[in-house]
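J.: Just a sequence and a predicted model for now, questions to come.
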Amino acid sequence: MKLNVDLENHSYPIYIERNAIQKVHEYIPVSRKIAIITDTGVPEKWVNIVKQQCPDSFVCTIPQGEPSKCFDQYKKLLEEMISHNMSRKDAIIALGGGVVGDLAGFVAASYMRGIDFFNIPTTVLGQVDSSVGGKVAIDMGSYKNIVGAFWQPKTVIIDPNVLSTLSLRQQHNGLCEALKMGLILDDHLVSLFEQEELDIDAIITHSIELKRDVVQQDERESNLRKILNFGHTIGHAIESAYGLNTYLHGECVAMGMLFFIEDETLKQRVLNIYKKLDLPQVPDYDTATLLEYVTHDKKSSHNTVSTILVKQSGSYIIKELSFKEIQEVLERGPYEK
């Protein structure tokens with residue numbers, strides 16, 4: 001299946017098919033120098049399959065996990081680009097999850113003021129969400145994605161077969177971003193999570209279609225694309241406050257969504273899905289600590305933060321909440337009736 005992301009200045013294809021990783025050379029122009037950026041969590045067999053299709057390529061491997069989205073790894077990758085005499089005509093392939101895509105994309109955006117970037121996500125989270133849309137970034141300390149750019153990939157290749165090597169926790173972590181998409185845009189996607197057996201291919205495809213539609217309307221998050229941040233305001237705060245290795249990103253987004261689902265029947269539906277996915281509960285937290293992280297959120301402006309509320313599955317409300325109102329939400333808690 002092929003989808004197109006049609007943007008004003010740059011459009012690109014998304015290929016979704018099983019065994020697509022075997023066809024990289026068909027979808028990407030490989031007759032140039034290519035840096036394949038991956039991490040220690042990506043099985044070597046996937047790396048080798050991609051490398052064998054790129055005659056003039058080298059592999060850069062970063063440690064797995066959110067802490068690699070940092071200036072140190074960013075600097076090391078730039079040094080690798082320089083040492084291999086990468087030119088503006090060369091390219092980067094990101095082969096991994098959201099961390100790899102964010103970091104590799106930011107390297108591509110900034111090396112020589114921008115070189116071609118291709119994304120081959122190997123996690124559910126990468127496939128349903130972060131590989132599409134061109135938001136690339138690194139963290140600074142415990143502040144997530146605070147340094148970054150908008151840099152669209154030239155092509156995205158999604159092969160559900162590569163998910164077979166992921167743990168159940170990692171798979172469910174990624175599915176949280178797809179559930180988010182359904183809660184704000186399409187109840188049918190939410191209902192896919194309530195089936196006895198999850199149809200991963202259908203969830204991935206539908207989630208990408210929804211995100212593609214939003215990105216096409218608002219590439220640089222000036223208005224509509226803000227809705228994709230549902231669950232992220234408090235989710236990012238929890239992720240930062242508890243250390244970037246305690247909870248996975250999708251798990252934190254799932255926690256963050258609970259604070260802003262304003263219908264109790266819907267919240268119970270969502271909690272039943274969380275139980276099915278074996279997601280962790282929201283930890284006991286210090287309101288002042290989370291609020292401090294919220295004030296540094298990229299969606300904050302002066303004394304307010306753009307917040308997405310959901311009262312009915314498949315629809316949303318964008319509301320500017322003051323920090324005082326966010327404090328009241330935190331004090332009320334995620335499970336309050």
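T.: Yep, it's here.
J.: Going by C-alpha atoms from here, please, whenever you check contacts or count neighbours.
T.: Will do.
J.: for the stretch 101-250 of the chain, which spans come out with low pLDDT?
T.: Applying pLDDT under 70 to the stretch 101-250 of the chain picks out residues 244.
J.: For it, just list every one of the strands.
T.: With DSSP state E, counting those that start in this stretch as the criterion, the stretch 101-250 of the chain has strands at 116-121, 135-140, 143-150, 155-158.
J.: Neighbours of residue 245, how many?
T.: 12 (other C-alpha atoms under 10 Å).
J.: Identify the residues contacting the residue most central in space within the chain.
T.: Closest residue to the average C-alpha location of the chain: residue 130 at 3.0 Å, with C-alpha atoms, centre = their mean. Applying C-alpha atoms under 8 Å, 6 or more residues apart in numbering, we find residue 130 in contact with 98, 101, 102.
J.: repeat that with 7 Å
T.: residue 98 (C-alpha atoms under 7 Å, 6 or more residues apart in numbering).
J.: Distance of it relative to residue 329?
T.: 27 Å (C-alpha to C-alpha, to the nearest Å).
J.: What of residue 5?
T.: Residue 5 is 36 Å from residue 329, by C-alpha to C-alpha.
J.: again with residue 241
T.: 17 Å.
J.: export the strands of the stretch 101-250 of the chain to JSON lines and tack on mean neighbour count and distance to residue 294?
T.: Shown next, in JSON lines, are the strands of the stretch 101-250 of the chain (neighbours: other C-alpha atoms under 10 Å; distance: least, C-alpha to C-alpha, whole Å):
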{"stretch": "strand 116-121", "mean neighbour count": "26", "distance to residue 294": "29"}
{"stretch": "strand 135-140", "mean neighbour count": "22", "distance to residue 294": "15"}
{"stretch": "strand 143-150", "mean neighbour count": "18", "distance to residue 294": "10"}
{"stretch": "strand 155-158", "mean neighbour count": "26", "distance to residue 294": "32"}
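J.: In CSV, list these along with distance to residue 266.
T.: Below are these laid out as CSV (distance: least, C-alpha to C-alpha, whole Å):
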stretch, distance to residue 266
strand 116-121, 31
strand 135-140, 30
strand 143-150, 29
strand 155-158, 31
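J.: among those strands, which is nearest residue 87?
T.: strand 116-121 (10.4 Å; C-alpha to C-alpha).
J.: so how far is the closest one from its chain's centroid?
T.: Taking C-alpha atoms, centre = their mean, to the nearest Å, one finds strand 116-121 lying 14 Å from the centre of the chain it belongs to.
J.: Could you name the helices and strands sitting against that strand?
T.: strand 91-96, helix 98-110, strand 155-158 (3 or more C-alpha pairs under 7 Å, 6 or more residues apart in numbering; DSSP states H and E).
J.: how about the shortest one as CSV, C-alpha atoms only?
T.: What it means is strand 155-158. Taking C-alpha atoms only, strand 155-158 is exported to CSV below (Å, rounded to 0.1, in the frame of the first residue of the first chain):
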residue,chain,number,x,y,z
THR,A,155,10.3,8.4,2.0
VAL,A,156,8.9,6.3,4.9
ILE,A,157,9.0,2.5,4.6
ILE,A,158,6.8,0.7,7.1
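J.: ok now do the closest residue to residue 188 other than its chain neighbours, which residues does it touch?
T.: The shortest distance from residue 188 to any non-neighbouring residue, by C-alpha to C-alpha, 6 or more residues apart in numbering, is to residue 182 (7.1 Å). The contact partners of residue 182, by C-alpha under 7 Å, 6+ apart, come to 189, 190, 314.
J.: for residue 231, same thing?
T.: Contacts of residue 231 (C-alpha under 7 Å, 6+ apart): 253, 254, 256, 257.
J.: all helices of this protein, in order?
T.: Along the chain, the stretches classed as helices by DSSP state H are 24-27, 44-52, 71-83, 98-110, 124-125, 168-185, 187-192, 200-217, 232-241, 249-258, 264-276, 287-295, 323-332.
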